[in-house]
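In: sharing a model prediction with you, sequence too.
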Amino acid sequence: MAEGGILLNRILDTTLREGEQAPSVYFRPAEKCTIAEMLYHVLGEKGLIEVGQPYSPKYREGVEAVVKHFKEKGYKLGKLLAHCRTLKEDVEIAHQCEAGGVVVFMAPSDRHLQAKFGGKISYEKALQMIAESIEFAKRDLGFKMVQYTLEDATSVPLDRLIEVSRVAEEAGVDVVRIPDTKGQAEPEGFGQTIRALTSSIKVAVDVHCHNDRGLAIANSISGLRNGATGVHVTVMGIGERCGIADLATLADNLETFYGVKTGVNFKLIPKLYSYVEAASGLVIPPNFPILGKFARTHKAGIHQKAVLKDPSTYETIDWSKYGLEREFEFGAMQTGDLVDLLLQGFNVPEELKKAIVEEIREISVSKGRPLKRAEVRRLIEEKTGINLEDRIAVGGEVDALIFLKVKPSCDELTLIKNIRQKFLSYGYPVIIRDIAGGWDFVIDVRGVRDPAILDKITGEIRRENREILETSTSIVFDEYK
């Protein structure tokens, strides 16, 4: 074992395969190329990228596009793995696509064999298919990286888990992947399973932990601490149902708590996550660990006061590692120290500072929301005559409501996704509501730094979505809760 009892040889990102199994997520081939390239630079030497399932005609195009893109860029094709069933024809397609490696998957449990194949494939036959597909990939096609996924592993008795893994090992597999497919494991039990397995086979083991019960990160770490040498992640943790372990959260925890050198370039993560937000149409929740905006925003006055003096009082994450900065909420709970900081070096009477703080608090309470940075700057400048442009950098921040009328035959789900993607590509997450009356939808967009950009975005939306008949934009003057 290495640092913290963990030997990490591989971080496999499966945003382009597992991530695309998240409900409503569909990546276009060009988007897959961009995501794969960004992952290539983020993950570093230990990184592998699962690019999709080429045996499916509708997804083969995306795999081929990524492989072609990597060849043109001169990137290592060995980083790219294709996902296949335990069928020789699937493995052959992956080879035709020039994937750098191949993953074959099959659940050897009686329940899965019955549900998927109607009892036509016995356990013994499944073992034969697993071995033959691995041997074909390794011996006949010459894949240097062949992995086998023991699907629904946490539902399989340990003796069968070991038996199946040994069959894969004897067939020449490079990595046996152990997924908690239903997200049903807990860290101690999962760790015991991985320890027993890694003690019984010589081949490397990866863990792939689903987050149905919120334990994907904990189970992934437990697997690594008990002998697994590889782990699977996605951007934002997206995937089937509740997804799997999040890339940034897992990598940060491995480095912080266990001293593991992940090789991840954390500075590039915010840009990667922003792009995947735009391409997937999914928004990072504000309370998401590390990358969510609330993670670095302090609201309570006593917290703000302490953090201004010593960030370690309420923070354990180094935001500069990501190229990010902490933020403070101006509102009913804020400390006067925030105003002191903004006016540091100016000769402003203490009573006036206190009056400014009280007015901020009063406005916040009356409106039921925090003040925007532009509002704070305007208020302080009106009270003191001091220009704070260099201390509170804001544009013409506005909120807006955009109303849409669409054709009756409109594919509403596709339209909503396209609208979300468009706004996210400009850095603005939006709320879209289906409404009654003269309009069909209303888009709630907040904190627009340049109001003129709204016309540009709505113009692009109309051109790219012919189902839209009419739009109307209204600037929000104020908001009350």
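Out: Received the coordinates, thanks.
In: use CA for all of it now, contacts and neighbours both
Out: OK.
In: quick one: end-to-end length of stretch 193-209, please.
Out: Across stretch 193-209, the straight-line distance between its terminal residues is 13 Å, by CA to CA, to the nearest Å.
In: does residue 32 touch residue 14 like I think?
Out: No: in this structure, residue 32 is not within contact of residue 14 by CA atoms under 8 Å, at 11.4 Å.
In: neighbour-wise, which of the two wins?
Out: Counted by other CA atoms under 10 Å, residue 32 and residue 14 do not tie: residue 14 has more neighbours, with 27 against 23.
In: what's the helix or strand for the residue nearest to that one when sequence neighbours are not counted?
Out: Nearest-residue entry for residue 14: residue 50, 4.8 Å, with adjacent residues in sequence omitted and distances by CA to CA, 6 or more residues apart in numbering. Secondary structure assignment for residue 50, by DSSP states H and E: strand 47-52.
In: packing partners for that strand?
Out: strand 10-13, helix 29-43, helix 57-73, strand 80-85 (3 or more CA pairs under 8 Å, 6 or more residues apart in numbering; DSSP states H and E).
In: if you set the cut-off to 10 Å instead, what comes out?
Out: strand 10-13, helix 29-43, helix 57-73, strand 80-85, strand 101-105, strand 230-233 (3 or more CA pairs under 10 Å, 6 or more residues apart in numbering; DSSP states H and E).
In: out of those, which one sits most buried?
Out: Mean neighbours per residue, mean count of other CA atoms under 10 Å, is largest over these for strand 230-233, with a mean of 28.
In: now do it: distance to the chain's middle.
Out: 14 Å (CA atoms, centre = their mean, to the nearest Å).
In: can you list the buried residues in the helix or strand following it?
Out: Beyond strand 230-233 in the direction of the C-terminus, DSSP H and E gives the next helix or strand as helix 247-258. Across helix 247-258, burial judged by 16 or more other CA atoms under 10 Å covers 247, 248, 249, 250, 251, 252, 253, 254, 255, 258.
In: with stretch 159-171 instead?
Out: Buried residues in stretch 159-171, counting neighbours by 16+ other CA under 10 Å, are found at 161, 162, 164, 165, 166, 167, 168, 169, 171.
In: next SSE downstream of the strand or helix carrying residue 177?
Out: Counting by DSSP H and E, the element that carries residue 177 is strand 175-180. Reading on from strand 175-180 to the C-terminus, the next helix or strand found by DSSP H and E is helix 187-198.
In: what sits up against that next one?
Out: 153-154, 157-159, 161-163, 165-166, 176, 178, 180, 184-185, 199-200, 204-207, 209, 215-229 (CA atoms under 10 Å, 6 or more residues apart in numbering).
In: what angle separates that helix from strand 175-180?
Out: Calculated by axes from the mean of the first three to the mean of the last three CA atoms, to 10 degrees, helix 187-198 forms an angle of 160 degrees with strand 175-180.
In: shared neighbours of residue 32 and residue 14, which are they?
Out: In contact with both residue 32 and residue 14: 51, 52, using CA under 10 Å, 6+ apart.
In: what's the neighbour count on the residue nearest to residue 246 when sequence neighbours are not counted?
Out: Of all residues not flanking residue 246 in the chain, residue 237 sits nearest, at 3.8 Å (CA to CA, 6+ apart). Neighbours of residue 237 under the rule other CA under 10 Å: 27.
In: ok so, going back, give me the buried subset of the contacts of helix 187-198.
Out: 153-154, 161-162, 165-166, 176, 178, 180, 184-185, 204-207, 209, 215-229.
In: the residue nearest to residue 246 against residue 215, yeah?
Out: No: counting by CA atoms under 10 Å, residue 237 stays clear of residue 215, with 11.8 Å between them.
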